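S.K.: A structural model of the following input is requested.
(chains A and B)
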Amino acid sequence: MNKSKLNQFIIYLLENNFVIAPQYDSEGFLHLNKLENPKDFALVSKLPLDSWKWHMLPPDQKMFEYKGNKMQEVLPQIKSQVFLGVSILDLQALTLLNQVFEKDPYYQKIKKKTIIIGTSSVPEENFYQFFEKFEEHKLEHLQFDVFLAVQKTGYKIFTGSEDGQRLLDKFGHKDYQHIEYAGPIREEGLDAQMVAIKDAMQNNHQQKIWDDLGARCIQCGKCTIACPVCFCFRIYDQSDLVKGTGRRSRCWDSCFYNEFTQVAGPAPKEPKHRFINTAAERIYFWYEHHFVRTPQSFSIPGCVGCGRCTQVCPANIDIKQTIQDILKNKKTKNAQ
Amino acid sequence: MRNDYQTYNCKILKVEKETADSSTFTLSLPYKGFNFVCGQYVMVSLPGFGEAAISISSDMNDRKAFQLTVREVGVLTSAMHNLKKGGILGVRGPYGRSFPVSQAKGRNILIVVGGCGIPPIRPVILDAVKNPQKYKKVYIFYGSKNEDTLFFKREYSRWRKVCDLNIALEKPKTKKFNKGMVTALFDLKNIPSDAIAYICGPPIMYKFVIEKILKQGFDPNKIFMSLERHMDCGLGVCQHCAVGPYYVCKDGPVFSYEELKNFKTWLSPI
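M.R.: Reported below is the predicted structural model:
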């Protein structure tokens, strides 16, 4: 597919879909926004500041409407949308979210209405070294509908689903290669770096790393908002003005917030009990989620190496440095 | 697609006052075939007040109704206490891993509970009362503040027929009970170390109880405890209840000491 054909393809997508794509704003920041004009689509190796979870797992989502004691399920009402230009790091994130929310009717409803068009552009700096560089054989471990592999001239097109094939067929582009999704784990087995970090965190606890980070972290929670795979949520009820009616919703939560582990009691007026209380404990909990619990539950890394957390951190906490510290200390211990 | 967050309405059949701020609610079954094992919990819901995880406190063999014993500590539990017979509560579940009840068959059981920790373990006590031959001997060590904060007082005489019930009160008003923390009971009774231990109580209790139990020579694989955590989903997704590599909602709330002992985070993080 050459550049002008891609342009035609985007125009075709815009006809019937809500297309979301990375675009530069007036201040030069790359954001995900509704695409109005195909020429605004920034197909660049840089990652947008926002991640795609904003559109796949909305920050606030109505789950039920209630009237008296009756809870009525409310599924998201969305028109078909297209995620255009999802980098392979972000595809990796969406592939993980797909697994986490496999049985979630709200997520699945949105997923069903979403066409994902990936691209092979990878940022120059990859914080986790998961995708060192783009290679075709890695595509079978990512979930997407259409994929644009950027070549010197134009794009090589892949499809990853029947929806993707149908879309290209309807558009009238037949020159694509279909890739059958083979699950998230590669043939060579578990990701070696993932295994090493998990092992180091579980078997070689280095309190100093967490104390140091705890002293710097201001617990603002920006990393949890920026991260494409931070998906913690809380469920809350909201009453309407009409008595006995209201809604139950879920919204993003952050493990850096004080109430995250708070339980009621011991009595209404006494201090509430919290199981996580310090900055060091919170940042450890965050790393534990990404580098211990996710690998344990899904056998894939809970970090895609996008570096968004580092970019937004006001305390300059660098995830790459932290990972190096976790692994370095391990080596020292083994050497002794 | 099935919505795991959908609640089922249960009718309140009876409300029994336990202490000044807690009650036992007897509820109709949320759906046909609802059953549970001791240690499991349900997500209780009241529209407008939200949801909370609450352990089931009734007889596992009862196929007609189930019970929740609840202390008034937060928004939802306070609202629950305004409900009367005939009121409606939303429920989803049951969730979580139970105490290993079949593993305890034919064995001695040591139950150590403190404060509000007794309701989640009551199902196994009622099971023993109903089936006296099922377990060898059931020892109960129950610690509470004073006479007024004891749960299920009306049942003690029935329990005592099968169980060796020992109560320690922190600030007793009478001389009827032992004075002290629940750990003091270990000095008064010798428990056969082949017993299987079930523990439930406030977080601070575990450390001291585990110390005592290990001293008695218990196998860490045979010590089980139920952990309380903040839970939003009950399905192992929302992360609020995570402890190390585990989700208390799904992998617990009952864990063996063997599973938890290698990392400190289950008592206090890091």
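
S.K.: beta partners for residue A:19?
M.R.: Judged by DSSP bridges, the bridge partners of residue A:19 are residue A:82.

S.K.: Was I right to think it contacts residue A:85?
M.R.: No - look at residue A:19 against residue A:85 with Cβ atoms under 8 Å: they stay out of range, at 9.8 Å. Where you see a C-beta, it was placed from the backbone N, CA and C, and this is true even at glycine.

S.K.: What is the neighbour count of the residue nearest to residue B:87 when sequence neighbours are not counted?
M.R.: Excluding its sequence neighbours, the residue lying closest to residue B:87 (Cβ to Cβ, 6 or more residues apart in numbering or on different chains) is residue B:12, at 4.5 Å. A count of nearby residues for residue B:12, using other Cβ atoms under 10 Å in any protein chain shown, gives 18.

S.K.: Kindly report the same for residue A:271.
M.R.: 9.

S.K.: can you tell me the helix or strand for it?
M.R.: Residue A:271 belongs to no helix or strand when assigned by DSSP states H and E.

S.K.: Report pLDDT for it.
M.R.: Looking at residue A:271, its pLDDT reads 70.

S.K.: Who does residue A:147 form a beta bridge with?
M.R.: Counting by DSSP bridges, residue A:147 forms beta bridges with residue A:118, residue A:158.

S.K.: burial count for whichever residue of the stretch 101-250 of chain B sits closest to chain A?
M.R.: Nearest residue of the stretch 101-250 of chain B to chain A (Cβ to the nearest Cβ) works out as residue B:239 at 4.3 Å. If you count neighbours by other Cβ under 10 Å, residue B:239 ends up with 24.

S.K.: wait, doesn't it sit right on residue A:255?
M.R.: Yes - contact between residue B:239 and residue A:255 holds when scored by Cβ under 8 Å: they sit 6.4 Å apart.

S.K.: what do these two both touch?
M.R.: Both residue B:239 and residue A:255 are in contact with A:232, A:289, where contact means Cβ atoms under 8 Å, 6 or more residues apart in numbering or on different chains.

S.K.: Spell out the residue ranges of the strands in the stretch 1-150 of chain A.
M.R.: A:18-24, A:30-34, A:60-67, A:70-73, A:81-87, A:114-119, A:146-150 (DSSP state E, counting those that start in this stretch).

S.K.: And for residue 191, the neighbour number?
M.R.: No chain was given, so I picked chain A. Residues within reach of residue A:191, counting by other Cβ under 10 Å, total 20.

S.K.: other chain: chain B
M.R.: By other Cβ under 10 Å, neighbour count at residue B:191 equals 22.

S.K.: With the one 10 residues further on instead?
M.R.: Neighbour count of residue B:201, defined by other Cβ under 10 Å: 25.

S.K.: Which residues are in contact with residue B:84?
M.R.: B:12, B:15.

S.K.: Recalculate using a threshold of 10 Å.
M.R.: Residue B:84 sits next to B:12, B:14-15 when contact means Cβ atoms under 10 Å, 6 or more residues apart in numbering or on different chains.

S.K.: measure it to residue B:13 for me?
M.R.: Going from residue B:84 to residue B:13 by Cβ to Cβ, to the nearest Å gives 11 Å.

S.K.: Now that residue A:226 has come up, it's in contact with residue A:252, right?
M.R.: No - assessed by Cβ atoms under 10 Å, residue A:226 is found out of contact with residue A:252, at 11.5 Å.
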